[in-house]
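Chemist: what follows is a predicted structure for the sequence shown.
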Amino acid sequence: MSQTVRGVIARAKNAEVEVVSIVVPDPGPGEAVVRIQTCGVCHTDLHYKQGGINDDFPFLLGHEAAGTVESVGAGVTEVAPGDFVVLNWRAVCGDCRACRRGKPQYCFATHNAKQPMTLEDGTPLSPALGIGAFIEKTLVAAGQCTKVDPAARPAAVGLLGCGVMAGIGAAINTGGVQRGDSVAVIGCGGVGDGAIAGAALAGATTIIAVDTDDRKLEWAKGFGATHTVNAREGDVVAAIQGLTGGFGADVVIDAVGRPETWKQAFYARDLAGTVVLVGVPTPEMKIPEIPLLDVFGRGGALKSSWYGDCLPTRDFPMLTELYRQGRLDLDAFVSEEIGLEQVEEAFTKMHRGDVLRSVVVL
Ligand SMILES: NC(=O)c1ccc[n+]([C@@H]2O[C@H](COP(=O)([O-])OP(=O)(O)OC[C@H]3O[C@@H](n4cnc5c(N)ncnc54)[C@H](O)[C@@H]3O)[C@@H](O)[C@H]2O)c1
Ligand SMILES: [Zn+2]
Ligand SMILES: [Zn+2]
């Protein structure tokens, strides 16, 4: 048995996305079908559409989603029909070496749904980040569903499923931001502003937002940035040093993911400070040439952050509660609510910098 629903696919590299009919199988063992209520448009969806992640076209895009479990397959105990859930990239095993080391995002045995969703002619689709949620209903592994407070606004808490979680976690979990720290965030989109919000939650006293777009810098202040730097107007490293007593920041987060922004992060951190790369580079990008002596001499840590080193079952309900208490403004990330037909337009708006997050509401 299966059902046919509408969803957004990227058929070929750089082609405009299309709304098409998609066949969703009934959930098999360990799987769940989720009725999607909302799904944010993340820059990673644009990377998929541009062929920047891999060539497994056609992609079923969308992966920042909240919804209601419709049905579950045999043996599913995590969730039941009717549960309100935020989706995560992959179910983790909890038992492998990576999971036992407290790094579940590197789990050796992560899994997604085993059955494919397909076009009506049977062509299998590659779901973005193992989810595929610009669709009325999607098929995932039950462990990809994390229950959160059903009273929460779906368009807001759904963003915990990727960008905002990736940013908050890059600051708190990967960067280890402490009370009183100085933090600089390069790139203030959904991910970077998540990092700013995370730095604020952790008690950083100086939070420097860096972007090329003044509108983004203005929005960043709303999430806790204490200072802003327009990267088009002079030397970013000198500006960050100037705002931190000449030292550089304790933690610098690169939420763009280009060689030049990573190099700025490298030199804009204090001695023994931490660099966190969270923006996703393209396959051809290389680490910029930096004297090895500078790596040695500056000490500290050069890190990358997958999914904010999050543990969904711990972090999604916790951040939903901070949202309910008014201490994390998830609503401010939602620039507009759109329909499935407007996803292509949302990519254009993202590219122009008009929005922080467009959120598809079904
Ligand atoms: N590591 C992860 O787990 C993870 C998760 C989600 C997204 N990402 C990645 O994070 C990155 C950001 O995603 P997003 O959704 O926030 O994107 P976005 O397009 O909303 O934001 C990017 C921001 O960077 C700014 N920018 C671009 N070039 C810049 C430069 N040279 N200097 C300063 N600012 C610059 C843009 O003006 C924009 O505000 C993407 O690469 C995305 O794929 C990573
Ligand atoms: Zn594991
Ligand atoms: Zn994403």
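Modeler: Cool, the structure landed. Numbers count the residues shown, from 1 in each chain. Ligands and ions are numbered 1, 2, ... in the order given.

Chemist: need the contact list for the closest residue to W306 other than its chain neighbours.
Modeler: The spatially closest residue to W306, leaving aside those adjacent along the chain, is Q105, at 4.8 Å (C-beta to C-beta, 6 or more residues apart in numbering). Placement of C-beta: from N, CA and C, glycine included. Residues near Q105 by C-beta atoms under 8 Å, 6 or more residues apart in numbering: V92, W306, Y307, D309, C310.

Chemist: wouldn't the third one be in contact with A166 here?
Modeler: Yes. Using C-beta atoms under 8 Å, Y307 is in contact with A166, at 5.7 Å.

Chemist: go back to the contacts of Q105 and keep what's next to ligand 2.
Modeler: By C-beta under 5 Å from the ion, the members of those lying near ligand 2 are V92.

Chemist: could I get the contacts of Q105 as JSON lines with distance to I131 and neighbour count?
Modeler: JSON lines is the format used below for those (distance: C-beta to C-beta, whole Å; neighbours: other C-beta atoms under 10 Å):
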{"residue": "V92", "distance to I131": "15", "neighbour count": "25"}
{"residue": "W306", "distance to I131": "15", "neighbour count": "16"}
{"residue": "Y307", "distance to I131": "12", "neighbour count": "23"}
{"residue": "D309", "distance to I131": "19", "neighbour count": "24"}
{"residue": "C310", "distance to I131": "15", "neighbour count": "25"}
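
Chemist: closest one to ligand 3 out of the contacts of Q105, please.
Modeler: Using C-beta to the ion, Y307 is the member of these that sits closest to ligand 3, with 8.8 Å.

Chemist: what's that closest one sitting at in phi/psi?
Modeler: phi 50, psi 30 (degrees, to the nearest 10).

Chemist: name the nearest residue to it, ignoring sequence neighbours.
Modeler: For Y307, the spatially nearest residue (C-beta to C-beta, 6+ apart) is Q105, at 4.9 Å.

Chemist: would you say that neighbour is within a helix?
Modeler: Yes. Q105: assigned to a helix according to DSSP: H, G, I helix; E, B strand; the rest coil.

Chemist: check contacts around the residue of the stretch 51-200 of the chain found nearest ligand 1.
Modeler: The nearest approach of the stretch 51-200 of the chain to ligand 1 comes at G189, 1.9 Å away (C-beta to the nearest ligand atom). Applying C-beta under 8 Å, 6+ apart, we find G189 in contact with H43, G163, K216, A255, M350, L356.

Chemist: I'd say the first one and M350 touch.
Modeler: Yes. Applying C-beta under 8 Å, one finds H43 in contact with M350, separated by 6.6 Å.

Chemist: just for the stretch 201-350 of the chain, where's the confidence low?
Modeler: For the stretch 201-350 of the chain, no stretch has pLDDT under 70.

Chemist: give me every residue in the stretch 51-200 of the chain lying close to ligand 2.
Modeler: V92, C93, C96, C99, C107, A109.

Chemist: tell me the phi and psi of the closest residue to the third one other than its chain neighbours?
Modeler: Distances taken as C-beta to C-beta, 6+ apart place F108 nearest to C96, at 4.3 Å, with adjacent residues excluded. F108 adopts backbone torsions of phi -80, psi -20, taken as degrees, to the nearest 10.

Chemist: would you mind listing what in the stretch 201-350 of the chain touches ligand 1?
Modeler: Within the stretch 201-350 of the chain, the positions near ligand 1 by C-beta under 6 Å from any ligand atom are 210-213, 216, 231, 255-257, 261, 278-280, 305-307, 350.

Chemist: change it to 5 Å
Modeler: D211, T212, D213, K216, A231, V256, G257, V278, G279, V280, W306, Y307 (C-beta under 5 Å from any ligand atom).

Chemist: tell me which of those fall in helices.
Modeler: K216 (DSSP state H).

Chemist: secondary structure element for the residue lying farthest from the centre of the chain?
Modeler: For the chain, the largest distance from the centre (C-alpha atoms, centre = their mean) belongs to L293, which lies 33.6 Å off. Secondary-structure assignment from DSSP states H and E places L293 in helix 292-298.

Chemist: residues contacting that helix, please?
Modeler: Contacts of helix 292-298 (C-beta under 8 Å, 6+ apart): F266, Y267, R269, L271, A272, G273, L302.

Chemist: what is the nearest of the residues you listed to A202?
Modeler: Looking at those and their distance to A202, the nearest is G273, at 15.0 Å (C-beta to C-beta).
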